[in-house]
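1. okay, here's the prediction I keep looking at, along with the sequence it came from:
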Amino acid sequence: MKVKVRGFEMAYEDTGSASTSLSTPPLLLIHGFPLDRTLWAMQVRGLADVARVIAPDLRGFGESGMPRTTSPTVPSPDRNESTTGEGMRPAGAVTMDTYADDLRGLLDALGVKSAVVAGLSMGGYIAFAFYRKNAARVRGLILADTKAGPDSPEGKKGRDDNILLARAQGAGAVGDKMLPKMLTPKTAAERAGIANAARAMMARQPVAGVVAALEAMRDRADSTPTLAEIKAPTLVVTGAEDALIPPKEAEAMRDAIRGARLVSIPGAAHLANLDQPDAFNAAVREFLKTVA
Ligand code: MLT
């Protein structure tokens, strides 16, 4: 399905009707980078009996477009390196706030007043931005394989390298660099279906969307101060073998968010929901019972 949101066509899954569950809030699933809504296929299918599940493609990913005015900027040595970054981006640049505003637009278009907001990795960075702007619409937060802190100087340099790589060789080259940290070595070796699906998902993303997201992640605000302000019930999930965002980041978020619960999923790396969908879905089901 597609709906026009803030100047572009946003593609999304919506498994349900409001009658799926009258007491459980809808679940909004925000994918990571450089991925699309098919990341959540096993959640869209596996959780539809307990909640309305909405899974969009972020702008520039999957089947979603980008507004014509959004033109990714060329990394330049003199770009502003402010600590928050997001307020200092060139006009038209995509930020975590941009994605958050798109998602608010989607919820408005679907008539959803409030939701449990779940984000994996970059999706988590966006969930923080969404919470800062729309706390009253967040019935619960699920922060999966993500972290609150901003990019380090080396991390920013890595984003610039990946921007150049994506422009020169396409999104697949960035994906191939990331893949070894996305899945456990065991999954990569023994479950070719999952590894191939992840590789194909990354390879098919449009370069413009990938570059815009790399810039947005590079310059994103520090969400650490947000943690103490979160009042929504929160579930933190981590793959026990996540090498891209290590489990200690999940522990830090659990410790800083009042009442947050942490579930560590054995046998999973960064894409915990893809690698171990049953365990991931079980954790979400338990959490949804507490916010119903
Ligand atoms: C993601 O999975 O969304 C990205 O790996 C996050 C990041 O690179 O910071």
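-> Thanks, I have the structure now.

2. wasn't residue 237 part of a strand?
-> Yes. Counting by DSSP: H, G, I helix; E, B strand; the rest coil, residue 237 falls inside a strand.

3. residue 6 reaches residue 68, doesn't it?
-> No. Using CB atoms under 8 Å, residue 6 makes no contact with residue 68, being 12.0 Å away. Using the backbone N, CA and C atoms, a C-beta is placed for each residue, glycine as well.

4. which one of those two is surrounded by more residues?
-> residue 6 (15 against 8; other CB atoms under 10 Å).

5. name the nearest residue to that one, ignoring sequence neighbours.
-> Excluding its sequence neighbours, the residue lying closest to residue 6 (CB to CB, 6 or more residues apart in numbering) is residue 105, at 4.8 Å.

6. residues near residue 163, how many?
-> So residue 163, with other CB under 10 Å, has 23 neighbours.

7. distance of it from the ligand?
-> Distance, residue 163 to the ligand, by CB to the nearest ligand atom, to the nearest Å: 12 Å.

8. what about that residue, helix or strand, and which?
-> helix 153-169 (DSSP states H and E).

9. mind listing what the residue nearest to residue 6 touches?
-> Residues in contact with residue 105, defined by CB atoms under 8 Å, 6 or more residues apart in numbering, are 5, 6, 10.

10. can you flag which of those residues belong to strands?
-> Mapping the contacts of residue 105 onto strands (DSSP state E) picks out 5, 10.

11. make JSON lines from the contacts of residue 105 and add pLDDT and distance to the ligand to it.
-> Listed next are the contacts of residue 105 as JSON lines, based on pLDDT from 0 to 100; distance: CB to the nearest ligand atom, whole Å:
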{"residue": "5", "pLDDT": "97", "distance to the ligand": "21"}
{"residue": "6", "pLDDT": "96", "distance to the ligand": "21"}
{"residue": "10", "pLDDT": "98", "distance to the ligand": "18"}
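
12. in a markdown table, list the contacts of residue 105 along with distance to residue 247.
-> As requested, those are exported to a markdown table (distance: CB to CB, whole Å):
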| residue | distance to residue 247 |
| --- | --- |
| 5 | 34 |
| 6 | 35 |
| 10 | 32 |
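
13. show me which of the contacts of residue 105 is closest to residue 118.
-> Of all the contacts of residue 105, residue 118 sits closest to residue 10, with 17.4 Å by CB to CB.

14. contact partners for the nearest residue to that closest one once chain neighbours are set aside?
-> Counting by CB to CB, 6+ apart, residue 64 is the residue found nearest to residue 10 once chain neighbours are left out, at 4.9 Å. Contact partners of residue 64, counting by CB under 8 Å, 6+ apart, are 2, 8, 9, 10, 11, 56, 57, 58.

15. neighbour-wise, which of the residues you listed leads?
-> Neighbour-wise, the contacts of residue 64 (other CB under 10 Å) top out at residue 56, 31 neighbours.

16. that one and residue 10 touch, don't they?
-> Yes. With contact defined as CB under 8 Å, residue 56 and residue 10 form a contacting pair (5.6 Å).

17. which neighbours do those two share?
-> Shared between the contact lists of residue 56 and residue 10 (criterion: CB under 8 Å, 6+ apart) are residues 64, 102, 106.

18. roughly how far does the first one sit from residue 55?
-> Computed as CB to CB, to the nearest Å, the residue 64 to residue 55 distance reads 12 Å.

19. check the second one too.
-> Using CB to CB, one obtains 14 Å as the distance from residue 102 to residue 55.

20. which positions in the stretch 101-250 of the chain make contact with the ligand?
-> For the stretch 101-250 of the chain, the residues found near the ligand under the criterion CB under 6 Å from any ligand atom are 121, 122, 217, 244.

21. ok, now with 8 Å
-> 120-125, 145-147, 151, 155, 159, 178, 181-182, 217, 244-245 (CB under 8 Å from any ligand atom).

22. weed out the non-buried ones from those.
-> The neighbour count (16 or more other CB atoms under 10 Å) marks 120-125, 145-147, 151, 159, 178, 182, 217, 244-245 as buried among those.

23. just the ones of the residues you listed in helices?
-> Counting by DSSP state H, those place 122, 123, 124, 125, 159, 178, 182, 217 in helices.

24. flag the shaky bits of the stretch 1-150 of the chain, pLDDT-wise.
-> By pLDDT under 70, the low-scoring segments of the stretch 1-150 of the chain are 17-22, 69-91.

25. in this protein, which spans are helices?
-> 41-46, 96-110, 122-134, 153-169, 171-182, 185-190, 192-203, 207-218, 224-227, 247-256, 272-275, 277-291.
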